[in-house]
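[1] Requesting a structural model of the entry that follows:
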Amino acid sequence: MARIIFHLGPGKCGSSAVQAFLRRSADAENACLDVEVPRPKDIAAMESGDSDTVRRYAARMARTAAPHLPLIISHEALFKKRGALLALVRAAREQGAETSALAYVRRTSDYLRSVHGQWLFREPGRIAETAGILRSHDIDPMLFTGVERHLIAIALGHQDVGRDAGGYTTFDWSESMSQMAQMLGALDVPFAVGALPSRDAERPLLADFAARIGIATDGGALTDQALVNPAFDATVIEAVCNSIELGFAMPGRHEANRFLAAAMLTCRRYPCPTPHS
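    Residues are numbered from 1 along each chain as shown. Modelled structure (predicted):
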């Protein structure tokens with residue numbers, strides 16, 4: 001019987017590292033799995049009820065690289081686009097495949113630190129929004145780092161400041177995971193939830209993922225956990241965030257990653273002098 005596993009993310013829970021690992025494993029000479037990472041436009045089409053796109057992915061499910069290999073379908077958007085997920089799961093079940101699903105979770109504060117360090121620190125609208133919330137409570141936002149402003153705004157009851165680019169919030173993991181489990185359970189699809197391991201965990205993310213989907217891989221595939229998403233130095237993040245707050249034009253989302261990375265190297269090579277009292 002074919003085995004199809006849906007990896008649902010969610011976003012900022014190691015999906016990029018997992019997908020890079022899946023591609024490496026599928027392309028290896030002795031591949032232990034097959035992988036499909038749906039295109040965002042296809043997910044959007046299936047979410048809107050496009051049956052032709054669903055049939056195309058159903059055909060892909062039936063055409064794995066080798067019948068004995070599990071097919072992993074992975075995309076963090078599937079956690080949000082539940083219409084698309086249900087359509088894919090039903091297609092897998094109709095083919096008689098042994099179907100299961102897997103997702104990871106992390107603390108909301110960790111999630112927000114991660115998304116702030118990648119995206120939010122260079123979004124003028126979000127920076128102005130959180131600064132405005134703090135000022136409405138007579139709090140000077142410039143006394144805090146950018147991510148601290150977001151956490152304070154959430155503590156003041158404005159959970160929406162943590163939304164992602166699509167407007168989704170992930171501030172109640174337990175409720176959303178319970179809803180997902182009920183939805184998949186109605187289709188007799190087992191759903192496993194793992195806590196995102198820390199980088200120094202005894203069983204790090206890729207080893208944990210491989211164990212959960214029941215595959216054996218060589219150590220090289222598991223130890224190569226190079227970061228896929230851009231990560232910037234805290235000094236650069238605060239410089240950009242504060243510059244936006246002060247009215248200066250700064251690179252936005254998806255802009256000037258190389259410049260920011262170069263600035264990060266400069267900060268490390270020529271650190272700011274420590275002030276003396």
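
[2] Flag every buried residue along stretch 22-29.
    Residues 22, 24-26 are the ones in stretch 22-29 that count as buried (16 or more other C-beta atoms under 10 Å). Just so you know, the C-beta spots here come from the backbone N, C-alpha and C atoms, and that holds for glycine as well.

[3] swap in stretch 97-107?
    Within stretch 97-107, the residues scored as buried using 16+ other C-beta under 10 Å are 97, 99-106.

[4] avg pLDDT for it?
    The predicted model gives stretch 97-107 an average pLDDT of 93.

[5] Not counting stretch 250-257 itself, show me its contacts.
    119, 122-124, 165, 230, 240, 243-244, 259-260 (C-beta atoms under 8 Å, 6 or more residues apart in numbering).

[6] How far away from the center of its chain is stretch 206-219?
    19 Å (C-alpha atoms, centre = their mean, to the nearest Å).

[7] how about the helices in the stretch 51-200 of the chain?
    Assigned by DSSP state H, counting those that start in this stretch, the stretch 51-200 of the chain shows helices spanning 51-62, 82-94, 108-118, 124-136, 146-155, 173-185.

[8] returning to that earlier point: highest neighbour count among the contacts of stretch 250-257?
    Using other C-beta atoms under 10 Å as the neighbour test, these are led by R122, with 25 neighbours.

[9] Quick check: which ranges of the stretch 101-250 of the chain have low pLDDT?
    165, 170-174, 217-231 (pLDDT under 70).

[10] With distance to L205 as extra columns, can I get the helices of the stretch 51-200 of the chain in CSV?
    Formatted as CSV, the helices of the stretch 51-200 of the chain follow (distance: least, C-beta to C-beta, whole Å):
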stretch, distance to L205
helix 51-62, 26
helix 82-94, 22
helix 108-118, 13
helix 124-136, 28
helix 146-155, 22
helix 173-185, 17
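
[11] Between these, which one is closest to S74.
    Nearest to S74 among those is helix 82-94 (11.4 Å), distances taken as C-beta to C-beta.

[12] Between helix 173-185 and the closest one, find me the angle.
    40 degrees (axes from the mean of the first three to the mean of the last three C-alpha atoms, to 10 degrees).

[13] Mind giving me the packing neighbours of helix 82-94?
    With contacts taken as 3 or more C-beta pairs under 8 Å, 6 or more residues apart in numbering; DSSP states H and E, helix 82-94 sits against strand 3-7, helix 40-47, helix 51-62, strand 98-105, helix 173-185.

[14] Touching, Y104 and L196? I think so.
    Yes: if you go by C-beta atoms under 8 Å, Y104 and L196 touch, sitting 4.7 Å apart.

[15] Now the common contact residues for these two.
    By C-beta under 8 Å, 6+ apart, the residues touching both Y104 and L196 are 13-14, 205.

[16] Tell me the one of those residues nearest F144?
    For these, the nearest to F144 is C13 (25.9 Å; C-beta to C-beta).

[17] residues in contact with the closest one?
    C13 is in contact with 76, 103-106, 111, 196, counting by C-beta under 8 Å, 6+ apart.

[18] do that again at 6 Å, thanks
    104, 106, 196 (C-beta atoms under 6 Å, 6 or more residues apart in numbering).

[19] And for E94, the neighbour number?
    10.

[20] So for it, what's the nearest residue that isn't a sequence neighbour?
    A58 (7.5 Å; C-beta to C-beta, 6 or more residues apart in numbering).
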